[in-house]
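**Q** A predicted structure for the sequence below; I have some questions about it.
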Amino acid sequence: MRLALFQPDIPQNVAAITRLAACLGVPLDLIAPYGFVWDERKLRRVGMDYLDAADITHHSGWQAFLAAKGSARIVLLTTKGATPLPAFTFRPDDVLLLGRESAGVPDDVHDAADARLIVPIRKSTRSLNVAQTAAIAIAEGLRQTNGFPDV
């Protein structure tokens, strides 16, 4: 299982998700362009030494990511999702894709996903932070596939 971030806007969220990926042993795909200049010094403020422990692949754009992902399913986490996260059955090779904090993903990326999931939240709220969503979704995927690292 992998995490992927589509054109992330906020370096602190990237750093937090990088730390999450490093701790869980999950590779992380970052799909450019980014909404910030990639600066490891700034990212270390949140990611600390976990940046060195993470398996990060930078992709020059959406098409480069698609070419590299192989046959893995793209599972998009989106507020426009049709399937609630708890109702979805994950596979060990799924790629969990999260969109930009400011705009999600464009229609062509949305349409390319094999599944579109929503994390159920109260109707009176709008959305979760992208790092929180990543943590909830990857935890459920790893739980279902027995993919958590040994303790």
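**A** Sure, I can see it.
**Q** residues near the closest residue to Pro11 other than its chain neighbours, how many?
**A** Counting by Cβ to Cβ, 6 or more residues apart in numbering, Pro11 lies nearest to Phe36, which is 4.9 Å off, once chain neighbours are set aside. Every residue, glycine included, has its C-beta placed from N, CA and C. Applying other Cβ atoms under 10 Å, we find 14 residues neighbouring Phe36.
**Q** gap between Phe36 and Leu5?
**A** 12 Å (Cβ to Cβ, to the nearest Å).
**Q** Also Gln63?
**A** Separation of Gln63 from Leu5 (Cβ to Cβ): 16 Å.
**Q** again with Asp150
**A** According to Cβ to Cβ, Asp150 and Leu5 sit 27 Å apart.
**Q** show me what contacts Glu140?
**A** Leu85, Pro86, Phe88, Phe90 (Cβ atoms under 8 Å, 6 or more residues apart in numbering).
**Q** among those residues, who's most crowded?
**A** Highest neighbour count within those, by other Cβ under 10 Å: Phe90, with 22 neighbours.
**Q** from memory that one sits against Ile138, does it?
**A** No: using Cβ atoms under 8 Å, Phe90 is not in contact with Ile138; the gap is 9.5 Å.
**Q** so what sits against both of these two?
**A** Met1.
**Q** Show me the shaky parts of this protein.
**A** Within the chain, the ranges that satisfy pLDDT under 70 run 39-48.
**Q** what about the strands in it?
**A** 2-6, 28-31, 56-59, 74-77, 83-84, 95-98, 115-118 (DSSP state E).
**Q** Serialize the ones you listed to JSON lines and add fields for distance to Thr145.
**A** Output for the strands of the chain, formatted as JSON lines (distance: least, Cβ to Cβ, whole Å):
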{"stretch": "strand 2-6", "distance to Thr145": "12"}
{"stretch": "strand 28-31", "distance to Thr145": "17"}
{"stretch": "strand 56-59", "distance to Thr145": "21"}
{"stretch": "strand 74-77", "distance to Thr145": "12"}
{"stretch": "strand 83-84", "distance to Thr145": "17"}
{"stretch": "strand 95-98", "distance to Thr145": "12"}
{"stretch": "strand 115-118", "distance to Thr145": "15"}
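**Q** Thanks a lot, catch you later.
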